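*Asks:* Next comes the sequence, and after it the predicted model I'd like to discuss.
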Amino acid sequence: MGACLSSGGGGLDVTDADKALHRQAEKELREVLLLGSGDSGKSTILKQMRLIHKVPFSSQEIESFRQLIFENLTRGMKYVLDAMEEMELKNATDIRDGEAFPSTYHTPLASLWADPNVQQACARGNEAALPENLYYYFSELDRLFEPSYQPTEQDIIHARARTIGITETTFVLKDHEMLMVDVGGQKSERRKWIHCFQDVTSILFLVSLSGYDQCLVEDRDANQMQDAMTIWDSICHSQWFKQTSIILFLNKNDLFEKKIPHSDIKNFFPDYDGEPGDVKAGREYFKKRFGKLAQKADKTKEREIYIHTTTATDTALLRVVMAAVEGR
């Protein structure tokens, strides 16, 4: 996917040398397409790449993230309260008759977060696709409400906004440039993927490991991991990618490790035969499931598939993994 030159009314002379330079530039530009279902961590990877390759956020972008973080806090709590109603849970400390609403956000948000039933609803967040960044932001609530607050890099990394449309970012590496194309993962956005398929060098496909017991944001009856497997299968079988290398990130490993002792994989994937709570066995199971789908689609062995376990919010870990990816 490169820029196109078109000749207008006045004409445009393109020499052989210009054409050669253009061909060389196209050759040196590696285009990586970021794919995956919603909430898999694609946009987080893109933000991490900016930090790793020292592409700074502008003051305008930082201000946008500051506003987004406030929205994540308030809307995230609204999602929890809505989910509590469906779960038939009530606030432990409702306001008394005639008592005025609090005049600031800080105190009521802190009070709600301390409510035991709010915590219970968050613990059952997989049932309602609750935002995964709530624990991070509410643990930093006092800092976030300081008058002079400016988002840190980790605040920005954890900020969540639904990807709509197509985002392209170019990174200058040692011997070539890399264009990363991020497209929305929700079902309504996937019809746009076809516009990104031409000239793709690699696909970076993200799966949320912690999504094995979670519903989709846009479909409470669908399982996140099953949805990711369906997309992965279609990508591996696509005629567009027969010779395209595919890198699979089994992402959100940190959340997976915290969740698996309390949520048995077998309840959602009956063919899983590992011990309940066995993190290593669980990871290996999903690695094999995705690996088998890829092998089934690529019987001629025309392309290479690489699998990494990642935590997109961990900059140090991602720096190591992306160094290996970029070297391919």
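*Replies:* The structure has been received and is ready for your questions. Treat the numbers as computed from the prediction; the structure is a model and nothing was measured.
*Asks:* and this structure, what are its domains?
*Replies:* Split into domains by automatic domain parsing, the chain comes to 29-56+163-326, 59-158.
*Asks:* Just name the most buried of those domains.
*Replies:* domain 29-56+163-326 (a mean of 18; mean count of other CB atoms under 10 Å). All C-beta atoms are positioned from the backbone trio N, CA, C, and that covers glycine.
*Asks:* hang on, the earlier thing: just send the domains of the chain back as CSV, with mean pLDDT too.
*Replies:* Output for the domains of the chain, formatted as CSV (pLDDT from 0 to 100):
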stretch, mean pLDDT
domain 29-56+163-326, 82
domain 59-158, 82
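*Asks:* Give me the most central residue, this protein.
*Replies:* In the chain, the centroid-proximal residue (CA atoms, centre = their mean) is residue 41; its distance is 1.3 Å.
*Asks:* Isn't that one up against residue 252?
*Replies:* Yes - Residue 41 lies in contact with residue 252 (CB atoms under 8 Å); the separation is 6.1 Å.
*Asks:* Now the common contact residues for the two.
*Replies:* 208, 312 (CB atoms under 8 Å, 6 or more residues apart in numbering).
*Asks:* right, and residue 235 touches residue 206 too?
*Replies:* No - here residue 235 does not reach residue 206: they are 11.7 Å apart, not a contact under CB under 8 Å.
*Asks:* contacting residues around residue 84?
*Replies:* By CB under 8 Å, 6+ apart, the contact set of residue 84 is 90, 91, 117, 118, 121.
*Asks:* For the third one, which three-state class applies?
*Replies:* In other words, residue 117. Following DSSP: H, G, I helix; E, B strand; the rest coil, residue 117 is assigned to helix.
*Asks:* Give me the distance between it and residue 80.
*Replies:* 10 Å (CB to CB, to the nearest Å).
*Asks:* same check, this time on the last one
*Replies:* As judged by CB to CB, residue 121 and residue 80 stand 5 Å apart.
*Asks:* what sits in contact with each of these two?
*Replies:* Shared contacts of residue 121 and residue 80, defined by CB under 8 Å, 6+ apart, are found at residue 130.
*Asks:* Spell out, range by range, the helices that occur in the protein.
*Replies:* 16-28, 42-52, 59-86, 106-114, 116-123, 134-139, 141-144, 153-158, 224-237, 253-259, 279-297, 315-326 (DSSP state H).
*Asks:* Adding distance to residue 165, write these out as JSON lines.
*Replies:* What follows is the helices of the chain, written out as JSON lines (distance: least, CB to CB, whole Å):
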{"stretch": "helix 16-28", "distance to residue 165": "24"}
{"stretch": "helix 42-52", "distance to residue 165": "12"}
{"stretch": "helix 59-86", "distance to residue 165": "16"}
{"stretch": "helix 106-114", "distance to residue 165": "31"}
{"stretch": "helix 116-123", "distance to residue 165": "31"}
{"stretch": "helix 134-139", "distance to residue 165": "26"}
{"stretch": "helix 141-144", "distance to residue 165": "28"}
{"stretch": "helix 153-158", "distance to residue 165": "20"}
{"stretch": "helix 224-237", "distance to residue 165": "18"}
{"stretch": "helix 253-259", "distance to residue 165": "27"}
{"stretch": "helix 279-297", "distance to residue 165": "27"}
{"stretch": "helix 315-326", "distance to residue 165": "24"}
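*Asks:* Out of those, which is closest to residue 210?
*Replies:* helix 253-259 (3.8 Å; CB to CB).
*Asks:* So what touches the closest one?
*Replies:* By CB under 8 Å, 6+ apart, helix 253-259 touches 126, 132, 208-210, 212-213, 279, 282-283, 309-311, 313-314.
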